[in-house]
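In: Any chance you could fold what I've pasted below:
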Amino acid sequence: MKFPDYKEQETILAQCRLEADRFSLPIKKHLLRGLAGNIKASGQGNSIDFKDHRQYMPGDDPRYINWHAYARTEQYTMKVYHEEVRPTIDLILDNSHSMVFENDKTIRTLECLFFCVYSAFKSGIKLNFHTSNQLNKALHTENIINARLTEEHFTRDSHHLASLNNLKLSKGSLRIFISDLLFSDDPMNCLKHLSSAGCSLIILAPTTLSERDPDWNGHMEFIECENGVRNHQYITPAKLNDYKKSYQMHFAQWRELCLKYGALFSHSKCEIAFSDYLSQQALNDTIVQPAS
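Out: I've put the predicted structure just below:
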């Protein structure tokens, strides 16, 4: 496999910028609560837009007492304003080596990554970028926007959950996890952590035809993508069928748990052009919406 060079990444970046003009992440669909900012929410806060009055409660900020009303009624009432929130996106990339093990999957991983970054930038949303393996400190947003990613940014270490639990994620953020989900960690624990603290969660899972529906037959050599170890197996039709069933059950469990935790899930088939994927599957999965 040849990792896309600078020019190839520039081409992918250009296409993703165009797609970010057509589609956006569903920011407004989710109630994102964060630091004070410039998008109105349904709660109470201290912006300049007046909302209503309510009765004074002990501990309330006296600056918002309506003294004119007190002069008329001798009752303390509070001026209530629209809360303003600063939406935050926590973008988490699974940077294990399985994400770039095949050419089609490498390109789809980069497309999902570039699109999410530019969609966030275009919306003016604060973006926090994380990788599943924090031991690899070299991968930053600057690498993405400057098309300077390399295969070395994707590490051969698959301890996902331990790394995800150590991420410093924002409360109330929209969390986007780009991962093929081909790891053995318990999906429930992973989803419980990523969807905690009042957050919305989107999972983008690149998938190749060779993963979903391989044509293995007879003597085969397999390479463990996370450590490069090679092993030989004789694949019978029964073994192949068992693999396909396990694959389907694995992702059926992810989909079921995503429904339970209110997360959005989208399996991105790498053989489908990214523009077609966004306009069809991603739109149907409600992980994107037409750009306003």
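In: ok, what's across the strand from the closest residue to Ala263 other than its chain neighbours?
Out: Among residues not flanking Ala263 along the chain, Leu201 sits closest, at 4.0 Å (C-beta to C-beta, 6 or more residues apart in numbering). Quick note: C-beta positions are derived from backbone N, CA and C, even for glycine. On the basis of DSSP bridges, Leu201 takes part in beta bridges with Arg175.
In: Around Leu201, count how many other residues there are.
Out: Here the count is done by other C-beta atoms under 10 Å, and Leu201 has 23 residues near it.
In: ditto for Gly262
Out: Close neighbours of Gly262, defined as other C-beta under 10 Å, add up to 12.
In: Ok, Met78 next?
Out: 20.
In: Mind telling me what element it is part of?
Out: Secondary structure assignment for Met78, by DSSP states H and E: strand 77-86.
In: contacting residues around the next helix or strand after that strand?
Out: Note on strand 77-86: by DSSP H and E, the next helix or strand toward the C-terminus is strand 88-93. Strand 88-93 has contacts (C-beta atoms under 8 Å, 6 or more residues apart in numbering) with 25, 32, 34-35, 99, 109, 113, 116-117, 120, 125-132, 139, 164, 167, 169-170, 172-179, 194, 199.
In: Cross those residues against strands and list the overlap.
Out: In this view, the contacts of strand 88-93 that belong to strands under DSSP state E are Leu35, Lys126, Leu127, Asn128, Phe129, His130, Thr131, Leu174, Arg175, Ile176, Phe177, Ile178.
In: Now the buried members of those residues.
Out: Lys126, Leu127, Asn128, Phe129, His130, Thr131, Leu174, Arg175, Ile176, Phe177, Ile178 (16 or more other C-beta atoms under 10 Å).
In: follow-up on the earlier one: how much space between the residue nearest to Ala263 and Thr106?
Out: Separation of Leu201 from Thr106 (C-beta to C-beta, to the nearest Å) stands at 24 Å.
In: do Asn231 as well
Out: Using C-beta to C-beta, we find Asn231 at a distance of 23 Å from Thr106.
In: more neighbours, the two?
Out: Regarding Asn231 and Thr106, a neighbour count based on other C-beta under 10 Å identifies Thr106 as having more, with 22 against 9.
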